[in-house]
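# build me a model:
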Amino acid sequence: MTLLKASERMFPTLPSFFDNLLSRDWMDWNESNFSTTNSTLPAVNIREDEESFMIEMAAPGLTKDNFKVNLDRNRLVISSELKSEKNQNGEKYARREFSYQSFQRSFTLPEGTIDGDKISAKYNNGILLVTIPKREEVKPKPIKEIDIA
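Numbering: from 1, shown residues only. From the prediction side, this is the model:
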């Protein structure tokens, strides 16, 4: 047990304040996966290639029926809701447990870049994969060789 003077407990020294401030990893975004209710939000990977954007969301223990994927203009919203009730001892229960889990993540997509009619989603082995194709006009064109006359 460390003993501190009352003044140290109430007013931390300036060097210890700065040590804590400077030693903090401000680029560690792991803390951003927690909501204000102390529930976790699924982690995502976002990839881009010439054809599309892909969002991979880790959500083990769910089924494809637990998800909703919506597109409103250039905002993609992925949400999930899972309700579970466990009932023991029939109608007159001595113990009953409720479980409710939900989350919602939204992503702003680049305007005029995506083909919203062709967005697809599939859930496999705990990973939700949302594929967002790019419009033909924004895909890189192959190098065109021009004949010299």
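# quick one, what contacts Pro133?
Going by Cβ atoms under 8 Å, 6 or more residues apart in numbering, Pro133 touches Glu51, Ser52, Ile114, Asp115, Lys118, Ile119. Quick note: C-beta positions are derived from backbone N, CA and C, even for glycine.
# can you check Asn66 too?
Ser80, Glu81, Leu82.
# make TSV out of those and add pLDDT, secondary structure and distance to Asp65.
What follows is the contacts of Asn66, written out as TSV (pLDDT from 0 to 100; DSSP: H, G, I helix; E, B strand; the rest coil; distance: Cβ to Cβ, whole Å):
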residue	pLDDT	secondary structure	distance to Asp65
Ser80	91	strand	10
Glu81	85	strand	10
Leu82	81	strand	10
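# how about JSON lines for these, with neighbour count and distance to Met57 added?
JSON lines is the format used below for the contacts of Asn66 (neighbours: other Cβ atoms under 10 Å; distance: Cβ to Cβ, whole Å):
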{"residue": "Ser80", "neighbour count": "20", "distance to Met57": "9"}
{"residue": "Glu81", "neighbour count": "13", "distance to Met57": "15"}
{"residue": "Leu82", "neighbour count": "16", "distance to Met57": "14"}
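# now the residues you listed as TSV including distance to Asn125?
TSV is the format used below for the contacts of Asn66 (distance: Cβ to Cβ, whole Å):
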residue	distance to Asn125
Ser80	16
Glu81	21
Leu82	17
